[in-house]
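**Q** Everything below, folded, please.
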Amino acid sequence: EGGAEAAAWVPEPLQAGPNVDVYQKGSVDVIGMLVDVYGSTDLFLHEYRVLLSDKLLALTSYQIDREVHNVELLKVRFGEGSLHNC
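**A** All right, here's what the predicted structure looks like:
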């Protein structure tokens with residue numbers, strides 16, 4: 001009885017209020033969640049730049065299309081100036 005309930009329990013998201021359905025229409029704001037984890041947009045973008053630079057330095061080929069695409073999407077979200085160093 002109680003074991004089935006416990007196994008099916010899912011915690012509410014940290015930033016969600018009682019009337020917020022974060023899973024509506026199958027979309028989840030992963031970037032928003034990461035910004036919440038890091039505590040600020042600036043800290044998230046700094047860590048992203050560090051990880052991106054490590055990844056680019058480790059590449060053995062010049063296949064950076066995916067990384068460029070991701071930076072362009074982040075520019076749309078946070079503004080061109082925020083990702084100028086990327």
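**Q** quick one, what contacts Leu83?
**A** With contact taken as C-beta atoms under 8 Å, 6 or more residues apart in numbering, Leu83 is in contact with 45, 71, 74-75. C-beta coordinates here come from the backbone N, C-alpha and C atoms, glycine included.
**Q** scratch that, Glu67 is what I was asking about
**A** Going by C-beta under 8 Å, 6+ apart, Glu67 touches 52, 55-56.
**Q** Mind pulling up the pLDDT for the most centrally placed residue in the chain?
**A** For the chain, the residue whose C-alpha lies nearest the mean C-alpha position (C-alpha atoms, centre = their mean) is Ile31; its distance is 2.7 Å. Ile31 is assigned a pLDDT of 90 by the prediction.
**Q** go on, Gly26?
**A** At Gly26, the predicted lDDT confidence score is 63.
**Q** helices or strands up against the top helix by length along the chain?
**A** The longest helix of the chain (DSSP state H) is helix 41-58. When contacts are defined as 3 or more C-beta pairs under 8 Å, 6 or more residues apart in numbering; DSSP states H and E, helix 41-58 sits against helix 30-38, helix 65-78.
**Q** For it, buried residues please.
**A** Counting neighbours by 16 or more other C-beta atoms under 10 Å, one finds that the buried residues in helix 41-58 are 44-45, 48, 52.
**Q** Dump those residues to a markdown table, plus pLDDT and distance to Thr60.
**A** A markdown table is the format used below for those (pLDDT from 0 to 100; distance: C-beta to C-beta, whole Å):
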| residue | pLDDT | distance to Thr60 |
| --- | --- | --- |
| Phe44 | 94 | 28 |
| Leu45 | 93 | 27 |
| Tyr48 | 93 | 22 |
| Leu52 | 93 | 16 |
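**Q** Of those residues, just say which sits nearest to Ala8.
**A** Of all the buried residues of helix 41-58, Ala8 sits closest to Phe44, with 32.4 Å by C-beta to C-beta.
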